[in-house]
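In: need a structure here:
(chains A, B and C)
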Amino acid sequence: MWFCATRASDLADPGAFRRIQVGRESVLVVRGHDGELRAFLNVCRHRGALICTETEGQVRRTLRCPYHAWTYALDGKLVAAPNIGSLQDDSGSPIDRVAYGLIPVALREWLGYAWVCLANEPPAFEADVIGAVTGRLGDAAAIDHYGMERLAVGKRVVYDVAANWKLIVENFMECYHCATIHPELVEVLPEFAKGYAAQYYVGHGAEFGDRVDGFTVDGRAGFEALPGLTPEQDRKYFAITIRPTVFVNLVPDHVIFHRMYPMAHDRTIVECDWLYAPDVIESGGVLDHSVELFHRVNEQDFAACERTQPAMSSRAYRQGGVLVPAEHHIAEFHAWTRQRIEDPQC
Amino acid sequence: MWFCATRASDLADPGAFRRIQVGRESVLVVRGHDGELRAFLNVCRHRGALICTETEGQVRRTLRCPYHAWTYALDGKLVAAPNIGSLQDDSGSPIDRVAYGLIPVALREWLGYAWVCLANEPPAFEADVIGAVTGRLGDAAAIDHYGMERLAVGKRVVYDVAANWKLIVENFMECYHCATIHPELVEVLPEFAKGYAAQYYVGHGAEFGDRVDGFTVDGRAGFEALPGLTPEQDRKYFAITIRPTVFVNLVPDHVIFHRMYPMAHDRTIVECDWLYAPDVIESGGVLDHSVELFHRVNEQDFAACERTQPAMSSRAYRQGGVLVPAEHHIAEFHAWTRQRIEDPQC
Amino acid sequence: MWFCATRASDLADPGAFRRIQVGRESVLVVRGHDGELRAFLNVCRHRGALICTETEGQVRRTLRCPYHAWTYALDGKLVAAPNIGSLQDDSGSPIDRVAYGLIPVALREWLGYAWVCLANEPPAFEADVIGAVTGRLGDAAAIDHYGMERLAVGKRVVYDVAANWKLIVENFMECYHCATIHPELVEVLPEFAKGYAAQYYVGHGAEFGDRVDGFTVDGRAGFEALPGLTPEQDRKYFAITIRPTVFVNLVPDHVIFHRMYPMAHDRTIVECDWLYAPDVIESGGVLDHSVELFHRVNEQDFAACERTQPAMSSRAYRQGGVLVPAEHHIAEFHAWTRQRIEDPQC
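Out: You can find the predicted model right below:
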């Protein structure tokens, strides 16, 4: 499946790299000298050393394994190795420097993020990723109005959550818990008090309360709406789940973008970006009230997920729990999950 | 099997609860408004969050899951949930609030403790628990003379032992080690120097030494004998193993009560209570010399068990070790254990 | 297989012992009153307690289990136990104190080290251990010239390496990495810059550089050559791998001896001794420049191994990596390993 790896702008210059854990694999995302992002397994072809151990960094021209100095171009090709001239393949010919290059991983850019897929034959990005957004918003162009690829990262918070990633998806998909654990969010979006998940209705966005001026922790005004929005998108909150690991939250003046990195059956790293129009950032706009709202939502949600994780092995949950009407759509996520466990190729 | 969960008096008032780990399950013991103790799996029926994460506490009227606010009475019944009116069972009827209540766990009170059993059909408490005491003391009424349910907890110590609970049982069952590791105990109970376990002989209690005035770390006098004791019970120590997880130690002026909470194959929490006549506690009696004796015994025993744990996987212990004549009764515990591993329903 | 346990001189006096972890077994190596070294499983025959929990120590006359006071002579025989007179075997005879003694482990001394083998029928020491050295040096007597059993331990460093022991073997077997990670070593042994492992050629030692006066971190002079060396052994470095867990490094004035203790699939303790002529130590010779060279090599190598360990589970390494011509002999180690995994009796 497609896994969101990193904000493309994190790797601004040629040679910038970031190391991402995708399941059991360490993946390297690198900006090439041609300006392209590429992804590779972060493993030297020679004897398996990690090419990069830092989380992120910047190289000048090549990726060089520090064990035996095998050296790769930013496009993955093997360009140098001690005594490389003596290396021969099984037929006695000089080795093919592409075949002995870093193992490539499929990569697509969209919404300003790099998405990678470890499969040899990745599923269609259009169906799986773009389709999830279109299906939710009901309009293929709706997401484009936010111009996400042009926004700037105003704030990033990384959460270390002691829960399985699927519990975090379930939590994000429903709003039955909103009245109980999200007082600030319900103040801004009064319809959330009723518990119906905005996500459930194609095209539906949750409206700001009458006395709410912006998507901020206390309802005060935020920033100007993003330039491309339609009037229907103003004063509304849209939430989108892009399975398996991404959540997108759209409000008029910013976008909150979550991506999960599952680390263990009971641990997930969540990286959350708050994206704003570049001129908001450049003009030194104060983001605190804007960021604080969803940061609290995140902390409230992740605490709930952590409280749920330990009971997953209880006999009391052997058949799963109870889905109330406002949560019935989670059953579809369960079916989706079961299908992929039973047939990983589906 | 019956597992001793908590001293009943720990939960004095309605709404008092304690959270206990029983194998893989988190169990909640709660005092109801009707004064009854009840036990439940500590898992919300809705989406599986832990109802209580604190080890112990006090609620006013209900147990409320902090995730979606499903709310249970102290008898486990579901009494409130957001939009509960919209919840229907498969036939379209309103849901049964008992069927959707917290999952009950069998509970019995005896000797002032709450005992729980996770089995759907618990074994007979009379045979398994009371029978173990009667079989050891040889007299069904003997334990009653100590009036354990009326005693007060003078001291509680919690030990975290890096050993399997069965090693702790084996240790408690035999006294062949007493001369080696329990100098203070042997001073008070000279027959323990010979290594024969008092437990082995039905009805037998180990007699205090001639110059010993009480069951204290230096043999000084303790408190007055508990009021109901017979002359045969005075100046004697009786030890009782109630499988799987309880030890009872009876001396004239107090009772030492151990219960184990197995946490991992090589880790056991042992909670040990020293129980005294309430007027001893109320009058401010100094318990130090009394408590210190068995506290030392505990520390000596648990150190020995921790020393034994690592060798359990050695080829040298593949067939088990050697049971000397004074330990032959441990073979019966081994047979009991093997039988329950082979047939968990036995 | 034969596993190097300890330097014999670490256990100088009768009653000196050292506790060694060999796979899952705790092994005790003890110096007897007759001056002999013996090894036993460190497990009491009675109830399985560890006889010794300290890493090393000194007893006076016997090894006494602190749980029930079963007491063993330094040759393993059971010499005392409480009520030992009452112990009978199945036929009712008094127990055989040798049969109930500590379980012996095969032990051989060579090069001043004690080597143990847990197998009931150990493989031939001459073939497996001595043969490895002879096969490498090409001359059965060559190792004797260094008089290793008479050397003194000038320095010992213990490294805790987050890598499988086999990665450390692979690293030691090849020198293709030398130019990249061992600048000081290559300075002293210029031929290492070419990457060909000295070990690969029977009898070959790597020659010191022309301007190098000794095997020191900056090439300054070391000490006088060991007395028995031949002229062919002077100004040369010989490396020997004795599988599974020992490396020997011979230079004219000292010997560097590594032994590994695998602790987990991804953790290995490496104990490294620097051995010198006793008069060098006695006269207070300054070892710093001598020790520093291989200490740096060790740290450089172990960092490389730790960098390689995480990728062992990557799909990129599923077929193993690439062996360049200078590493082809590692394939033989892979075959040797596979053979022993497939047939542990081979």
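
In: Just give the closest residue to A:Ile103, not the sequence neighbours.
Out: Leaving aside its sequence neighbours, A:Ile103 sits nearest to A:Leu41 (CB to CB, 6 or more residues apart in numbering or on different chains; 4.4 Å). Every C-beta, even on glycine, is put in place using the N, C-alpha and C of the backbone.

In: Same check on A:Trp110?
Out: Closest residue to A:Trp110 in three dimensions, ignoring its sequence neighbours and counting by CB to CB, 6+ apart: A:Val129, at 6.5 Å.

In: how far away is that neighbour from chain C?
Out: Computed with CB to the nearest CB, to the nearest Å, the distance linking A:Val129 and chain C is 23 Å.

In: does that residue count as helix, strand or coil?
Out: Three-state secondary structure (criterion: DSSP: H, G, I helix; E, B strand; the rest coil) places A:Val129 in helix.

In: same question, A:Gly228
Out: Three-state secondary structure (criterion: three-state DSSP) places A:Gly228 in coil.

In: Make sure it is actually in contact with A:Glu149.
Out: No - with contact defined as CB atoms under 8 Å, A:Gly228 does not count as touching A:Glu149 (11.8 Å).

In: And those two? Which one has more around it.
Out: Per other CB atoms under 10 Å in any protein chain shown, whichever of A:Gly228 and A:Glu149 has more neighbours is A:Glu149, with 15 against 12.

In: contacting residues for the more buried one?
Out: The contact partners of A:Glu149, by CB atoms under 8 Å, 6 or more residues apart in numbering or on different chains, come to A:Ala8, A:Glu109, A:Trp110, A:Leu111, A:Gly112.

In: For the last one, what are phi and psi?
Out: Spelled out, that is A:Gly112. The phi and psi values for A:Gly112, taken as degrees, to the nearest 10, are phi 90, psi 10.

In: then stretch A:279-293 to CSV, C-alphas only?
Out: What follows is the C-alpha trace of stretch A:279-293 in CSV, where atoms were taken according to Å, rounded to 0.1, in the frame of the first residue of the first chain:
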residue,chain,number,x,y,z
ASP,A,279,2.8,34.5,3.4
VAL,A,280,1.3,33.8,6.8
ILE,A,281,4.6,32.2,7.9
GLU,A,282,6.8,34.8,6.2
SER,A,283,4.9,37.7,7.8
GLY,A,284,5.5,36.1,11.2
GLY,A,285,1.8,35.3,11.9
VAL,A,286,1.2,33.9,15.4
LEU,A,287,0.1,30.3,15.0
ASP,A,288,-0.3,29.4,18.7
HIS,A,289,-4.1,29.5,18.9
SER,A,290,-4.5,27.8,15.6
VAL,A,291,-2.1,25.0,16.4
GLU,A,292,-3.2,24.5,19.9
LEU,A,293,-6.7,23.4,19.0
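
In: Report the mean confidence score over that stretch.
Out: The average of the pLDDT scores along stretch A:279-293 is 96.

In: try stretch A:100-118
Out: 97.

In: For that stretch, C-alpha coordinates in CSV please.
Out: What follows is stretch A:100-118, C-alpha atoms only, in CSV (Å, rounded to 0.1, in the frame of the first residue of the first chain):
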residue,chain,number,x,y,z
TYR,A,100,24.2,-3.3,-8.2
GLY,A,101,22.7,0.1,-7.3
LEU,A,102,20.5,0.8,-4.3
ILE,A,103,17.2,-1.1,-4.5
PRO,A,104,14.5,1.4,-5.6
VAL,A,105,11.2,1.9,-3.9
ALA,A,106,8.2,3.3,-5.7
LEU,A,107,7.6,7.0,-5.0
ARG,A,108,4.9,9.5,-5.9
GLU,A,109,4.5,13.1,-4.9
TRP,A,110,1.0,14.5,-4.1
LEU,A,111,-0.3,17.3,-1.9
GLY,A,112,3.3,18.3,-1.2
TYR,A,113,4.2,14.9,0.3
ALA,A,114,6.3,12.0,-0.9
TRP,A,115,4.4,8.7,-0.8
VAL,A,116,6.3,5.4,-1.1
CYS,A,117,5.2,1.8,-1.7
LEU,A,118,7.4,-1.3,-1.0
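
In: Brilliant, that's me finished.
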